[in-house]
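Trainee: Could you look at this predicted model? Sequence included:
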Amino acid sequence: MSTIIAGCGFGGAVVARQLAEANEKVRIIERRNHIGGNCYDEMDAYGILVHTYGPHIFHTKIKEVYEYLSRFTKWYPYQHEVVANIHGNMVPVPFNLHSIDMVFEKEKAQRMRSVLLKEYGENARIPILQLRQHENKEIQELGNYVYENVFLKYTMKQWNQRPEEVDQSVTARVPVLISEDDRYFQDPWQGMPKEGYTKLFENLLDHPNIEVELGKDIRDIMEFDFDKKKIYIDKKEFSGNIIYTGMVDELLAYKLGHLPYRSLKFDFEHKDMEYYQSKGVVNYTVSEDYTRITECKYLTGQKCPSTTIIKEYPSAYKAGESEPYYAILSEENKALHKQYEDVLSDFGNFYLLGRLAQYRYYDMDAIVKEALDLAEKLKGER
Ligand code: FAD
Ligand code: UDP
């Protein structure tokens with residue numbers, strides 16, 4: 001039995017490893033000239049390990065995923081913290097009880113704290129739009145402050161939509177946190193691969209049954225016969241399984257229309273100073289055209305005399321001109337994706353996997369879990 005996988009991000013690489021260990025020959029076709037998908041990291045010209053496609057911090061509630069990846073990496077015990085630069089005040093995000101103390105006068109902050117703790121309890125996570133509708137005027141004021149100073153401009157930059165226009169699940173990723181925990185994530189397992197993501201991927205792919213071809217687009221070797229429901233690879237009928245982790249609209253030449261995505265441009269700047277900012281990520285929530293600045297050294301723990309920062313500029317995605325980083329979730333877009341999925345489901349040996357192919361806002365751990373589950377399903381069907 002042999003399997004072809006298009007794309008060598010976490011989706012493709014994990015499913016490849018699982019099938020390879022079950023004695024299948026796996027051929028991975030990756031159109032970039034490197035492995036790792038958007039998690040790829042590399043040394044820059046100054047010897048600083050940078051995340052080429054923006055900051056990636058591993059965090060999960062899924063023990064199975066943490067244990068699985070721990071087979072391929074040791075961990076640097078990093079706990080991610082983010083601050084929002086609100087007119088020069090560096091306020092913890094998610095907005096929490098410390099943040100309240102930093103922006104409201106003492107007595108008002110005390111009153112807000114006690115209402116929140118009484119009503120929601122410690123460690124509760126309240127979506128920002130919910131607080132704005134609270135009956136207590138001071139809690140409403142808090143909701144409005146966070147809306148205006150943390151969410152409005154950042155979300156307009158990131159999505160070109162107001163917070164109430166984007167899918168609620170998106171802003172709910174960063175709720176108001178009823179806690180003094182300044183970490184960005186509260187998941188039980190978090191950290192960074194000790195030698196970087198690329199090394200983790202090298203270890204994942206290091207198996208005699210896995211062959212990786214870089215710089216090749218699956219569309220150049222794969223054809224669909226929609227009448228006979230057959231797939232051809234290199235002009236020959238292919239009866240093994242094909243797992244595809246790219247965009248479905250692009251794969252089918254946009255025959256049902258374009259699926260919208262948001263893109264990003266990353267600006268790397270080297271600075272001749274040990275550290276540039278106080279945390280790994282600073283969000284620019286009331287100023288600037290970029291959304292955030294990442295200083296990779298905080299994430300990786302690397303010690304050296306100079307530093308590199310990454311500024312993220314969001315933009316519209318244009319096929320062939322930019323990279324599709326974020327699916328724009330809406331009922332309409334999800335329905336279009338479903339139509340593509342239905343067309344492809346006619347092919348019994350073709351599977352969609354990953355953030356692009358499934359048109360989802362998936363973190364790394366969710367993709368690893370999907371890949372582990374798909375591999376189990378495919379092994380069960382043999
Ligand atoms: P990808 O990593 O995108 O891999 C897909 C691969 O398929 C790509 O390498 C692509 O080149 C290849 N491909 C596409 N089409 C074809 C084709 N036709 N032929 C051949 N190859 C093809 N997650 C976290 O958990 N923590 C974070 O901190 C975090 N930060 C993020 C920051 C940014 C800016 C972004 C964009 C994402 C972030 N994520 C984070 C999410 C994380 O990147 C994804 O969950 C993960 O990379 C998805 O893996 P994947 O395999 O689905 O897709
Ligand atoms: N967000 C915001 N201000 C912030 C942080 C997040 O407005 O300081 C909103 C914004 O709409 C963003 C969403 O919350 O797209 C999700 O943020 P997250 O940090 O989870 O995004 P990612 O890390 O995936 O870029």
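Mentor: Received, thanks. Ligands and ions are numbered 1, 2, ... in the order given.

Trainee: Going by neighbour count, list what's buried in the helix or strand of the chain with the lowest mean pLDDT.
Mentor: Counting by mean pLDDT, DSSP states H and E, the chain has its least confident helix or strand at helix 128-131, which shows a mean of 89. Buried residues in helix 128-131, counted by 16 or more other CB atoms under 10 Å: I128, L129, L131. C-beta here means a position set from N, CA and C on the backbone, and glycine is covered the same way.

Trainee: Same question for stretch 226-238.
Mentor: Buried, per 16+ other CB under 10 Å, within stretch 226-238: I231, I233, F238.

Trainee: Residue numbers of the protein in contact with ligand 1?
Mentor: 6-12, 29-32, 37-39, 53-57, 217-219, 245-246, 264, 325, 354-356, 362-365, 367 (CB under 6 Å from any ligand atom).

Trainee: Please check those residues and keep the buried ones.
Mentor: The buried subset of the residues of the chain next to ligand 1 (16+ other CB under 10 Å) comprises 6-12, 29-32, 37-39, 53, 55-57, 218, 245-246, 264, 325, 354-356, 362-365, 367.

Trainee: Kindly indicate which of the buried residues of stretch 226-238 lies nearest ligand 2.
Mentor: Nearest to ligand 2 among those is I231, at 33.2 Å by CB to the nearest ligand atom.

Trainee: nearest residue to that closest one other than its sequence neighbours?
Mentor: Spatially, and ignoring its direct neighbours in sequence, I231 is nearest to F238 (5.3 Å; CB to CB, 6 or more residues apart in numbering).

Trainee: what's the closest non-adjacent residue to T308?
Mentor: I48 (4.5 Å).

Trainee: quick one: contacts for that neighbour?
Mentor: By CB atoms under 8 Å, 6 or more residues apart in numbering, the contact set of I48 is H270, C296, K297, Q302, C304, S306, T307, T308.

Trainee: residues touching the second one, list them.
Mentor: Translated: C296. So C296 contacts I48, L49, V50, H51, P55, G280, Q302, T308, I309, I310 (CB under 8 Å, 6+ apart).

Trainee: How about the last one?
Mentor: Residues near T308 by CB under 8 Å, 6+ apart: D44, Y46, I48, V50, F268, E269, H270, K271, E295, C296, K297.

Trainee: Would you check that the residue nearest to I231 makes contact with T3?
Mentor: No. Counting by CB atoms under 8 Å, F238 does not reach T3; the two are 9.9 Å apart.

Trainee: Look at the closest residue to T52 other than its chain neighbours and report its pLDDT.
Mentor: Excluding the flanking residues, the one nearest T52 by CB to CB, 6+ apart is Y40, at 5.1 Å. pLDDT, Y40: 98.

Trainee: does Y40 really touch T198, like I thought?
Mentor: Yes. Taking CB under 8 Å as the definition, Y40 is a contact partner of T198 at 5.8 Å.

Trainee: any residues in contact with both of those two?
Mentor: Listed contacts common to Y40 and T198 are H34; contacts here mean CB under 8 Å, 6+ apart.

Trainee: contacting residues for whatever residue of the stretch 251-382 of the chain ends up closest to ligand 2?
Mentor: Closest to ligand 2 within the stretch 251-382 of the chain is N283: 3.9 Å, counting by CB to the nearest ligand atom. Going by CB under 8 Å, 6+ apart, N283 touches V82, V83, A84, N85, V93, V150, Y154, T291, R292.

Trainee: Count residues in the vicinity of the last one, would you?
Mentor: Put plainly, it is R292. 22 (other CB atoms under 10 Å).

Trainee: That one touches Y284, doesn't it?
Mentor: Yes. Using CB under 8 Å, R292 makes contact with Y284 at a distance of 6.4 Å.
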